[in-house]
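A.B. asks: only geometry, no sequence info:
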């Protein structure tokens with residue numbers, strides 16, 4: 001069986017174009033060395049199994065012989081080492097990417113996406129465990145994912161933000177550093193021997209692009225700086241986003257905000273996220289056209305979206321970046337106490353943006369999502385953060401992916417929603433069950449609007465989770481979609497125009 005698994009894995013690599021056919025013997029020997037085996041006989045028949053199962057067979061054997069601990073982390077380190085025997089060297093990967101890019105950017109990224117899955121860098125077998133659906137809302141169809149693959153993120157507080165900036169693993173300094181390329185990993189750092197990032201220049205600076213190992217949407221990619229420098233949203237970052245969509249016009253590219261509570265989970269390394277996907281926010285129309293003084297040639301407006309979004313569009317990316325930078329700087333210094341917008345308190349800044357760039361034909365489009373992370377005694381996790389009544393579904397930070405309309409929900413919901421469905425059908429006591437007590441108020445309200453049957457209960461709950469997520473986004477919006485909220489939004493726009 002082990003000979004079959006080795007031969008089948010090598011044949012898989014040949015068929016996927018990871019190694020040329022003439023390297024079969026060399027690759028078998030490389031795998032034998034990893035497996036600490038000194039004999040091999042070519043099998044008469046190969047195994048018809050996907051790559052993760054072949055790796056699993058070999059890792060099981062290594063565990064049985066004491067080469068690898070029977071622990072998920074140790075197994076991942078070991079099977080990534082096996083894949084390193086079959087993954088081309090970085091220069092080969094980059095040559096092929098450049099060759100295909102000369103044909104078209106799409107040809108290059110299509111190939112690289114397949115390559116990243118073929119090398120098991122993207123572990124598709126795990127990603128397919130996630131629950132994924134679309135939920136209709138007044139803002140369009142929102143994407144919902146119950147994350148069963150990636151560890152759940154805790155809410156990032158100000159203290160955690162400072163600690164993250166102060167601490168660093170010695171080598172590689174973080175999960176985004178280019179030094180991860182080919183790194184064998186350790187118990188607290190994943191193996192990356194099959195990691196092959198692609199270089200790209202953004203606003204005159206060396207960056208790299210890779211696909212996310214967790215892939216929440218089609219061609220979910222990450223761009224990261226060649227230098228381990230902290231995230232900052234400024235004019236330079238805005239120009240870099242627009243440069244990225246110049247190099248890859250079929251992708252969008254955005255950034256998490258650079259402050260805690262409203263930001264992402266990695267602040268120590270400058271990075272963006274993008275991909276080949278149209279989120280609901282990208283499809284949302286402008287509902288209030290705007291004109292900015294001195295930039296009349298640019299289209300602008302407030303987007304019909306639960307969060308507070310100013311959209312800019314024009315053929316001249318330098319002008320789009322220039323206006324976006326001015327709006328950002330003015331927003332950072334803007335206070336409107338009547339609208340509970342505070343630029344800073346006791347020297348701590350509160351305002352920033354989540355920016356997203358994309359192309360519309362020859363035009364450049366940039367969305368600036370206004371963010372503010374102020375807290376109060378009543379709302380210690382953030383005024384513009386999911387409020388406690390929604391925590392039964394979503395409590396974590398609202399980062400870039402959520403902002404655009406994709407809910408990344410915690411794995412606990414798989415069991416909790418299933419149990420809620422059971423009790424709704426049986427008439428059981430929701431408050432008496434530890435899996436459903438937190439959902440009881442929500443589920444009992446649903447009972448006043450629906451008659452649940454075995455055929456419809458799952459669909460109703462999924463749609464209503466989408467409604468809750470739209471409310472989460474409304475809570476994260478600094479200007480509410482009320483007459484008072486929109487009037488306050490226009491006060492900021494007028495302030496920008498007076499200041500330009």
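C.D. replies: Now that the structure is in, tell me what you want to look at. Worth saying up front: this structure is predicted, and the values here are computed from it rather than measured. Numbers count the residues shown, from 1 in each chain.
A.B. asks: Domain ranges for this protein, per the record?
C.D. replies: Structurally, the chain divides into domains by automatic domain parsing as follows: 2-86, 130-157+229-407+480-499.
A.B. asks: Can you pull the poorly scored residue ranges out of the stretch 151-300 of the chain?
C.D. replies: 151-169 (pLDDT under 70).
A.B. asks: all helices of it, in order?
C.D. replies: Assigned by DSSP state H, counting those that start in this stretch, the stretch 151-300 of the chain shows helices spanning 158-166, 235-247, 280-283.
A.B. asks: Quick check: next helix or strand after the longest helix belonging to the chain?
C.D. replies: Secondary structure assigned by DSSP state H gives helix 457-476 as the longest helix of the chain. Proceeding N to C from helix 457-476, the next assigned helix or strand is helix 483-499, under DSSP states H and E.
A.B. asks: May I see the buried residues of that following helix?
C.D. replies: Within helix 483-499, the residues that qualify as buried are 485-486, 488-489, 491-493, 496, counting by 16 or more other CB atoms under 10 Å. All C-beta atoms are positioned from the backbone trio N, CA, C, and that covers glycine.
A.B. asks: which helices and strands does it pack with?
C.D. replies: strand 286-290, strand 299-303, helix 317-332 (3 or more CB pairs under 8 Å, 6 or more residues apart in numbering; DSSP states H and E).
A.B. asks: Run the chain-centre distance for it.
C.D. replies: 31 Å (CA atoms, centre = their mean, to the nearest Å).
A.B. asks: what do you get for stretch 474-492?
C.D. replies: Worked out by CA atoms, centre = their mean, stretch 474-492 lies 27 Å from the chain centre.
A.B. asks: The closest residue to residue 340 other than its chain neighbours: neighbour count?
C.D. replies: Nearest non-adjacent residue to residue 340, counting by CB to CB, 6 or more residues apart in numbering: residue 383, 6.2 Å away. Neighbourhood size, residue 383 [other CB atoms under 10 Å]: 21.
A.B. asks: What secondary structure category should be reported for the spatially most central residue of the chain?
C.D. replies: The structure's the chain has its C-alpha centroid closest to residue 401; by CA atoms, centre = their mean the separation is 5.4 Å. Classification of residue 401 using DSSP: H, G, I helix; E, B strand; the rest coil returns helix.
A.B. asks: need the contact list for it.
C.D. replies: 216-217, 273, 408 (CB atoms under 8 Å, 6 or more residues apart in numbering).
A.B. asks: Widest-spaced pair of the residues you listed?
C.D. replies: Farthest-apart pair in the contacts of residue 401 is 273 and 408; separation 11.9 Å (CB to CB).
A.B. asks: circling back: which of the residues in the longest helix of the chain are buried?
C.D. replies: Those buried within helix 457-476 under the rule 16+ other CB under 10 Å are 457, 460-476.
A.B. asks: One more: stretch 414-428?
C.D. replies: So, applying 16+ other CB under 10 Å, buried residues of stretch 414-428: 414, 416-417, 419-421, 423-424.
A.B. asks: How about stretch 431-443?
C.D. replies: Using 16+ other CB under 10 Å as the burial criterion, the residues of stretch 431-443 that qualify are 433, 435-436, 438-440, 442-443.
A.B. asks: neighbouring contacts of that stretch?
C.D. replies: 389, 391-393, 415-417, 419-420, 423-424, 430, 464, 468.
A.B. asks: can you count the residues close to residue 48?
C.D. replies: Neighbours of residue 48 (other CB under 10 Å): 7.
A.B. asks: still on that earlier bit, quick one: contacts for the residue nearest to residue 340?
C.D. replies: 340, 372, 374-376.
A.B. asks: Wait, residue 300 touches residue 290, no?
C.D. replies: Yes - counting by CB atoms under 8 Å, residue 290 is a contact partner of residue 300 at 4.3 Å.
A.B. asks: what about the two, which has more around it?
C.D. replies: residue 300 (21 against 18).
A.B. asks: Tell me the bridge partners for the more buried one.
C.D. replies: Beta-bridge pairing for residue 300 (DSSP bridges): residue 290, residue 312.
A.B. asks: And it, how close does it get to residue 324?
C.D. replies: 10 Å (CB to CB, to the nearest Å).
A.B. asks: cool, and residue 107?
C.D. replies: Computed as CB to CB, the residue 107 to residue 324 distance reads 31 Å.
A.B. asks: These two: which has the busier surroundings?
C.D. replies: Neighbour count, other CB under 10 Å: between residue 107 and residue 324, residue 324 has more, with 26 against 14.
A.B. asks: give the contact list for that one.
C.D. replies: Applying CB under 8 Å, 6+ apart, we find residue 324 in contact with 238, 312, 355, 366, 368.
A.B. asks: And stretch 257-272, what's buried?
C.D. replies: Neighbour-count burial for stretch 257-272 [16+ other CB under 10 Å]: 257-264, 266-272.
A.B. asks: ugh, typo on my part, it should be stretch 270-289
C.D. replies: Buried-residue list, stretch 270-289, by 16+ other CB under 10 Å: 270-277, 279-282, 284, 286.
A.B. asks: Equivalent analysis for stretch 202-216, please.
C.D. replies: 202-203, 205, 207-216.
A.B. asks: hmm, back to that, point out the most buried one among the domains of the chain.
C.D. replies: Highest mean neighbour count of the domains of the chain: domain 130-157+229-407+480-499, a mean of 19 (counted as mean count of other CB atoms under 10 Å).
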